[in-house]
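Visitor: After the sequence you'll find the predicted model.
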Amino acid sequence: MRRFRAMIKKEITQMLRDPRTLFFIFIMPILQLMLMGYANNSDVKNIATVVFDQSNTAESRDLISAFKSTEYYAFDYIATSDTQVNNLIQGGQAKVGIIIPPDYSSQLAAGKSAQVLVLIDGSDPTIASSTLSAAQLAGQARGAKILAETLSSRGSTLGTNASPVDVRTRVLYNPDLLGAYNIVPGLIAIILFQTTVNLTAMSIVRERERGTIEQLIVTPIRNWELVLAKIIPYILVSFANTILILVIGTLWFQVPIRGSLVLLFVLTGLYLLPNLGLGLLISTMAKTQQQAQMMTMPIMLPSMMLSGFIFPMASLPLFLQAVGYMLPLTYFIIILRSLVIKGAGLELLIPQTFVLIGFSIVLLTLAALRFKKSLD
């Protein structure tokens, strides 16, 4: 038993000597619990919505209030044309577009059924299904209220079986609400993120553990040259993964590629840069490959859960949405779904593109500055 206790003491001592790894071991269960507890919310609320109110009357504003009272819609955008509504949905800024016709109030005054068009982004079936039901319920509720007010005041020429408000819904890009349209583009972003960050996080640490870091020290290579030499092979591997996923997604899961393939690969290359920079930055901070793996885990889990891949961003609490918008993965998922499923062009993806450029500059610069040609 004395030998047995000595071995247990030795293992505990070795574990305590590495407080960084110990920290990540205990922080992961807490992180998983907090993220799953807050993010696992099937009730999607505050969906980004654009409204084009051509009537601009008290009646149309009452209808907008009826939609807003459901708490499913957040009227973040006001459009002045049908084209602007379509562009906001295609670019991913809005998930729902509500178009109220010019004769909305006059149709109600004449006792007729006034039609309202609700456009729904079908690239995310979870949001689309919730929005579809909420739009129909909002229209029915507003129509019932108008009908009750009319009958109580002066009677109505409208049949009691007909609703004064006729909400016509149209699901764009994915009318059948197929899950593959949402999953396949997101998987491209997730797989590239995991591959690039994990592999590059091991690169410099592996050199240090194998003792080959000394060979790099005596070479006349500059820091930025070493960084580029480290990331280029992983860029090539990542592009090969992208092509493989696109081929399988198109041929097997029947997911169409509606946008430009050239633009897709250009923006994919841009997305790889911040991921590679993050991996290299972790590699410069970790002392062992085990430490590098442990340091990537707290980044992987929030990135998958808060980027809109698993849970819609609209279902997350505001503080988790803020964390999600600090991740490059969030913006690339928007780019992929807009480009692949909706056929969006670069002009609609400029905000996300500039954010990825900013991430690339910051992370690659930090990785290059932190790397020092020394054994420390």
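Guide: Alright, I've got the coordinates.
Visitor: burial count for Leu272?
Guide: Counted with other Cβ atoms under 10 Å, the neighbours of Leu272 add up to 26. Backbone N, C-alpha and C define where each C-beta goes, glycine included.
Visitor: what's it in contact with, if anything?
Guide: Leu192, Thr196, Ile231, Tyr234, Ile235, Ser238 (Cβ atoms under 8 Å, 6 or more residues apart in numbering).
Visitor: how far away is it from Ala292?
Guide: Using Cβ to Cβ, to the nearest Å, one gets 19 Å for the distance from Leu272 to Ala292.
Visitor: residue boundaries of the strands in the stretch 101-250 of the chain?
Guide: According to DSSP state E, counting those that start in this stretch, the stretch 101-250 of the chain carries its strands in the segments 114-121, 165-172.
Visitor: Would you format those as JSON lines with mean pLDDT included?
Guide: Shown next, in JSON lines, are these (pLDDT from 0 to 100):
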{"stretch": "strand 114-121", "mean pLDDT": "91"}
{"stretch": "strand 165-172", "mean pLDDT": "89"}
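Visitor: most neighbours per residue, which of these?
Guide: Scoring the strands of the stretch 101-250 of the chain by mean neighbour count under mean count of other Cβ atoms under 10 Å gives strand 114-121 as the most buried, with a mean of 23.
Visitor: so how far is it off the chain centroid?
Guide: Relative to its parent chain, strand 114-121 has a centroid offset of 25 Å by Cα atoms, centre = their mean, to the nearest Å.
Visitor: Now tell me what touches it from outside.
Guide: Contacts for strand 114-121 (Cβ under 8 Å, 6+ apart): 63, 85-86, 89, 92, 94-101, 103-105, 107-108, 127-128, 131-132, 135, 139, 164-173, 342.
Visitor: can we see that at 6 Å?
Guide: Residues from elsewhere that reach strand 114-121 (Cβ atoms under 6 Å, 6 or more residues apart in numbering): 89, 95-100, 104, 107-108, 128, 131-132, 135, 165-172.
Visitor: any idea of the angle it forms with strand 165-172?
Guide: On the basis of axes from the mean of the first three to the mean of the last three Cα atoms, to 10 degrees, strand 114-121 is oriented at 20 degrees to strand 165-172.
Visitor: got JSON lines for the strands of the stretch 101-250 of the chain, with distance to Ile248 too?
Guide: Below are the strands of the stretch 101-250 of the chain laid out as JSON lines (distance: least, Cβ to Cβ, whole Å):
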{"stretch": "strand 114-121", "distance to Ile248": "24"}
{"stretch": "strand 165-172", "distance to Ile248": "25"}
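Visitor: Now stretch 51-64: buried residues?
Guide: If you call a residue buried by 16 or more other Cβ atoms under 10 Å, then stretch 51-64 has these buried ones: Val51, Phe52, Asp53, Gln54, Ser55, Thr57, Glu59, Ser60, Leu63, Ile64.
Visitor: cool, stretch 322-330 as well?
Guide: Across stretch 322-330, burial judged by 16+ other Cβ under 10 Å covers Val323, Gly324, Leu327, Pro328, Leu329, Thr330.
Visitor: In the stretch 201-350 of the chain, where is pLDDT below threshold?
Guide: Where the stretch 201-350 of the chain drops to pLDDT under 70, the residues are 211-219, 221-224, 226-227.
Visitor: show me the contacts for Phe52.
Guide: Going by Cβ under 6 Å, 6+ apart, Phe52 touches Ala79, Val85, Ile99.
Visitor: Roughly how far does the last one sit from Ala135?
Guide: For Ile99, the distance to Ala135 equals 12 Å [Cβ to Cβ].
Visitor: Look at these two and report which has more neighbours.
Guide: Taking neighbours as other Cβ under 10 Å, Ile99 and Ala135 compare with Ala135 leading, 23 against 19.
Visitor: Test my guess that the more buried one contacts Arg170.
Guide: No - Ala135 lies out of contact with Arg170 (Cβ atoms under 6 Å); the separation is 10.3 Å.
Visitor: which one is Gln321 nearest to, not counting chain neighbours?
Guide: Distance criterion Cβ to Cβ, 6 or more residues apart in numbering; nearest residue to Gln321, sequence neighbours excluded, is Met313 at 5.7 Å.
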